[in-house]
Structure formats: C-alpha cells, structure tokens
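**Student:** Just need the structure, nothing else, for what follows:
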Amino acid sequence: MTRRTLTILGSTGSIGTQTLDVIQRSADDWTIKWLTCNTRVEELADQVRQFRPHGVAIREEWARSRFLELLPEFTGPVLCGEEGLCEAAADTDNDIVMSAMVGFSGVVPTLAAIRSGHVVGLANKETLVSAGGVIMAAARDHGATLLAVDSEHSAILQCLCGEQLADVERFVITASGGPFRALPQDELQHVTVDRALRHPNWSMGRKITIDSATLMNKGFEVMEARWLFDIDVDRIDVVIHPQSIIHSMVEFVDGSVKAQMGLPSMLVPIQYALTYPRHAPLDTPRMNLAEIGTLTFESPDLERFPCLRIAYEALRAEGNSPCIVNAANEIAVSRFLDGHIPFTSIPAIIEKTLSRMNHVDETSLSDILATDAEARRIAADIDA
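**Tutor:** Now for the predicted structure:
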C-alpha cells in the first residue's frame with residue numbers, strides 16, 4: 001500500500017482516538033498531517049508526541065496557549081479557531097480527511113475538506129443532518145468522495161459493493177434499542193444521566209450515547225443514509241436488533257437481502273473508510289454465531305421513543321427542519337447531561353423548538369448557520 005497522508009478533525013474524541021488506534025496498527029502506511037481538537041489539549045499533546053504530525057489546529061485560543069505550554073518543543077504550525085480547522089482540513093497534501101468532530105461545529109471544517117476535493121471519512125453526523133443538500137452539492141461540484149464511518153452506513157456501503165442502486169428496494173438500519181429498550185414508559189422520566197450513559201453494546205462519546213438512548217441517533221442515521229446514498233426517506237426502515245450483530249441490511253427489488261455482520265466495533269468501519277474498497281487485515285475479535293445463538297428483531301416503539309418519529313418527520317419536511325432538530329437536540333442533550341432536565345424532556349424541547357421556528361424550503365450555508373443559531377437560542381429558553 002502506498003503511504004498516504006491523513007488529517008483527523010477531532011482527534012481527541014472517540015472516533016479520532018480509534019482512528020489513531022487503526023493507524024498505529026499499520027503505521028508504515030500513513031503520514032499524519034494535521035491533528036485537531038476543540039479544547040482537550042492534554043490528550044492532543046500526548047497524540048503529537050506519539051504520532052508526530054506536521055501541525056495541529058485548536059479551536060479555542062486559551063486551549064492553544066495551554067498546548068504551547070504543555071509542548072514547547074513542538075516546532076510545527078499551531079493554528080487556531082475555525083479558520084485554523086478549515087486550513088488543516090483543506091490542506092492540499094491531504095489524501096484523506098477523517099471528520100470525527102462531534103456536533104454542528106464540524107460542519108464548516110468538513111465542508112472545507114469537501115471543497116478541496118478530498119476523500120472524507122465522515123463520522124460527523126451533524127454535517128449531513130444539518131446541511132445534507134449543501135454538502136452533497138459541494139461534493140459533486142468539487143469531486144470529493146464521502147465515505148461513511150458510522151457502522152450502519154459502512155454496512156450499507158459494503159452491501160452495495162458490486163450492486164446497482166437502481167436495484168435497491170430499501171435499506172434496513174438496525175438499532176440496539178439502547179439501555180431503555182425494555183424500560184416501562186412511565187419510568188423513563190426518572191432515569192439518571194449515569195444510567196443513560198451505560199450503552200449495552202457500544203463504547204461511544206457522551207452525546208452520541210444519549211442520542212442512542214433516545215433513538216435520535218437512529219433518526220440521524222436515516223437522514224445520513226438519505227443523503228449519502230441518494231435514496232428516498234420512505235425506503236429507509238429502522239429495526240431494533242438488541243445483539244448489534246447485523247449492522248444494516250439492503251433489500252433488492254427481487255426480494256433478496258444482503259446483511260453486513262460483525263461484533264460491535266468501530267475499528268472495522270473506521271479502517272474500511274481508510275482502505276476502501278479493500279478489506280485490510282485487522283486484529284479484532286471474531287464472531288462466533290454458535291456462541292451468539294440467537295438474533296432477534298422488533299419494531300421501534302415511536303410512542304416511547306418519539307425522537308425517531310421527529311427525525312423522520314423533519315426529513316420529510318426537508319428545508320431547514322433537520323437543522324432545527326439537530327440544534328435543539330444538542331441543546332436538550334446538554335441540558336440533560338448537566339442535570340437540568342429529565343430524560344423525557346429531550347423530545348419535548350425539540351418539538352417545541354420546531355413549532356417556534358420559521359420553515360425555509362431552500363437552504364444555503366448561511367441559512368443553515370442562521371437556523372442553527374436561532375434554534376439553539378430557542379431550545380435553551382424553553383421551560384422543560
């Protein structure tokens with residue numbers, strides 16, 4: 001394999017650190033150009049010592065100053081702010097950019113990588129959720145390639161290898177159901193933050209773990225699939241699969257179904273994005289179906305978990321509705337994690353924010369940025 005150059009946007013987060021884990025296993029194949037973070041500069045300094053990137057980009061000025069105190073011997077460029085993140089993302093030396101930032105803050109830097117025509121490993125859900133039309137138009141205009149990193153979308157990508165999208169009848173995205181799949185509805189309002197963060201199958205960041213508990217994460221994945229694969233929302237289904245062994249399925253027009261299976265691990269989809277379309281060797285635990293024994297499936301309960309319903313409705317409405325949902329969800333999840341609202345107030349805040357916002361059918365990047373800011377302000381003020 002020819003040595004390639006990689007930049008990681010959000011290298012200190014869950015996907016970023018696991019990407020570096022994958023890279024470490026095949027270090028001779030990669031050169032790290034840029035590592036970026038928002039504020040976690042202690043972790044960034046450790047990564048710089050180990051992986052020796054060309055440079056770093058840090059969103060906050062105070063965090064940049066702290067990084068320079070921690071690592072005065074680093075002689076590479078230390079960029080700052082959103083402009084610095086975009087400069088790293090757009091570097092012409094990049095062969096691939098891993099977009100691993102969490103939240104809406106990843107949209108503009110990811111767009112900078114796309115406008116530079118790079119291959120982008122897309123782990124930042126909010127990029128397509130908030131600005132799917134803008135992002136895909138930019139990818140077409142600039143010849144960028146978007147490769148899914150979510151396990152569900154990576155599964156779809158693998159199932160589509162050698163196939164024609166015209167032959168696809170529907171996608172089936174699986175969901176574990178989260179930690180409260182079997183919890184009675186009247187107990188949901190009493191769940192604690194600690195309990196909500198105990199995902200039964202996956203190890204993820206705090207925000208995405210709460211999104212998994214509300215099933216909003218699955219709604220976002222439906223939105224992503226709609227844009228990544230240019231498929232109508234009504235041809236994307238969600239099924240609860242508690243074992244998390246099948247990650248997604250593709251059903252074809254003749255009724256045949258392909259499923260991608262494997263033990264829960266983000267290392268596999270991360271590496272597949274880095275080596276696409278090859279399956280490179282990876283030392284991970286192997287699946288033993290005899291030991292697993294049973295795979296079960298059930299329909300999602302949209303009354304107990306209304307976030308999935310809200311996501312479908314927003315995607316059908318199109319325009320700025322998905323952006324509103326994303327912004328309100330980020331604020332509501334943050335308020336829950338801070339202990340300010342109960343778990344069941346998350347969907348309530350999202351729906352109230354949607355009802356108070358003006359719907360815009362056609363959206364530009366400036367529309368998306370304005371929508372996001374207004375939705376956050378409204379969601380933060382809602383009494384829940």
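**Student:** any idea how this structure splits into domains?
**Tutor:** Per automatic domain parsing, the structural domains of the chain span 4-148, 153-376.
**Student:** Mean neighbour count added to those domains, as a markdown table?
**Tutor:** All C-beta atoms are positioned from the backbone trio N, CA, C, and that covers glycine. Shown next, in a markdown table, are the domains of the chain (neighbours: other C-beta atoms under 10 Å):
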| stretch | mean neighbour count |
| --- | --- |
| domain 4-148 | 20 |
| domain 153-376 | 18 |
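**Student:** As JSON lines, those with distance to D383 and mean pLDDT would be great.
**Tutor:** As requested, these are exported to JSON lines (distance: least, C-beta to C-beta, whole Å; pLDDT from 0 to 100):
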{"stretch": "domain 4-148", "distance to D383": "23", "mean pLDDT": "96"}
{"stretch": "domain 153-376", "distance to D383": "9", "mean pLDDT": "94"}
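**Student:** need the ones you listed in JSON lines with distance to A384, can you?
**Tutor:** Converted to JSON lines, those look like this (distance: least, C-beta to C-beta, whole Å):
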{"stretch": "domain 4-148", "distance to A384": "20"}
{"stretch": "domain 153-376", "distance to A384": "4"}
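**Student:** and the residue in the chain sticking out farthest from the centre, what element?
**Tutor:** Distance from the centre of the chain peaks at E73, with 33.8 Å (C-alpha atoms, centre = their mean). Here E73 is covered by no helix or strand, with elements defined by DSSP states H and E.
**Student:** How about F171?
**Tutor:** strand 168-175.
**Student:** What pairs with that strand, parallel or antiparallel?
**Tutor:** strand 236-240 (parallel), strand 246-252 (antiparallel) (DSSP bridges).
**Student:** Q50 is nearest to which of these?
**Tutor:** strand 246-252 (30.1 Å; C-beta to C-beta).
**Student:** excluding its backbone neighbours, what's nearest V360?
**Tutor:** Spatial nearest neighbour of V360, chain neighbours left out: N320 (4.4 Å); criterion: C-beta to C-beta, 6 or more residues apart in numbering.
**Student:** who's in contact with that neighbour?
**Tutor:** M357, H359, V360, T363, D367, I368, T371 (C-beta atoms under 8 Å, 6 or more residues apart in numbering).
**Student:** can you do 6 Å?
**Tutor:** By C-beta atoms under 6 Å, 6 or more residues apart in numbering, the residues touching N320 are V360, T363, T371.
**Student:** How about the secondary structure of F67?
**Tutor:** helix (DSSP: H, G, I helix; E, B strand; the rest coil).
**Student:** which ones are touching the closest residue to it other than its chain neighbours?
**Tutor:** Spatial nearest neighbour of F67, chain neighbours left out: V41 (4.1 Å); criterion: C-beta to C-beta, 6+ apart. Contacts for V41 (C-beta under 6 Å, 6+ apart) come out as A63, R66, F67.
**Student:** Nearest to V108 among these?
**Tutor:** A63 (18.1 Å).
**Student:** Mind checking what secondary structure the closest one has?
**Tutor:** A63 ends up helix, using three-state DSSP.
**Student:** quick one, what contacts A63?
**Tutor:** T39, V41.
**Student:** hmm, back to that, and the residue nearest to F67, how far is that from P72?
**Tutor:** According to C-beta to C-beta, to the nearest Å, V41 stands 13 Å off from P72.
**Student:** And D230, by the same measure?
**Tutor:** For D230 relative to P72 (C-beta to C-beta), the value is 49 Å.
**Student:** repeat for V268
**Tutor:** 38 Å.
**Student:** just how off-centre is stretch 169-188 within its chain?
**Tutor:** 18 Å (C-alpha atoms, centre = their mean, to the nearest Å).
**Student:** actually stretch 225-241, not the one I typed
**Tutor:** 15 Å.
**Student:** and if you look at stretch 140-155?
**Tutor:** That offset, for stretch 140-155, works out to 11 Å (C-alpha atoms, centre = their mean).
**Student:** can you give me the end-to-end distance of it?
**Tutor:** One end of stretch 140-155 sits 23 Å from the other (C-alpha to C-alpha, to the nearest Å).
**Student:** Other residues contacting that stretch?
**Tutor:** So stretch 140-155 is contacted by 114-115, 117-123, 139, 157, 173, 221, 224, 228, 247-248, 260, 269-270, 272-273, 276 (C-beta under 6 Å, 6+ apart).
**Student:** and these, which of them are in helices?
**Tutor:** I114, R115, A139, L157, E221, E224, L228, P269, I270, Y272, A273 (DSSP state H).
**Student:** about what we covered before: now the contacts of V41 in TSV, with distance to P53?
**Tutor:** TSV is the format used below for those (distance: C-beta to C-beta, whole Å):
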residue	distance to P53
A63	16
R66	18
F67	12
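**Student:** Quick check: of those, which lies closest to P109?
**Tutor:** Out of the contacts of V41, the member with the shortest distance to P109 (by C-beta to C-beta) is A63, at 15.8 Å.
**Student:** what about that closest one, distance to S299?
**Tutor:** 45 Å.
**Student:** Can you identify each of the strands in the chain by residue range?
**Tutor:** Assigned by DSSP state E, the strands in the chain fall at 4-9, 30-37, 55-58, 78-80, 96-99, 119-122, 145-148, 168-175, 236-240, 246-252, 257-261.
**Student:** Which elements pack onto the fifth one?
**Tutor:** If you count contacts as 3 or more C-beta pairs under 6 Å, 6 or more residues apart in numbering; DSSP states H and E, strand 96-99 packs onto strand 4-9, strand 119-122.
**Student:** Can you give the contact residues for that strand?
**Tutor:** 6-9, 19, 89, 106, 110, 113, 118-124.
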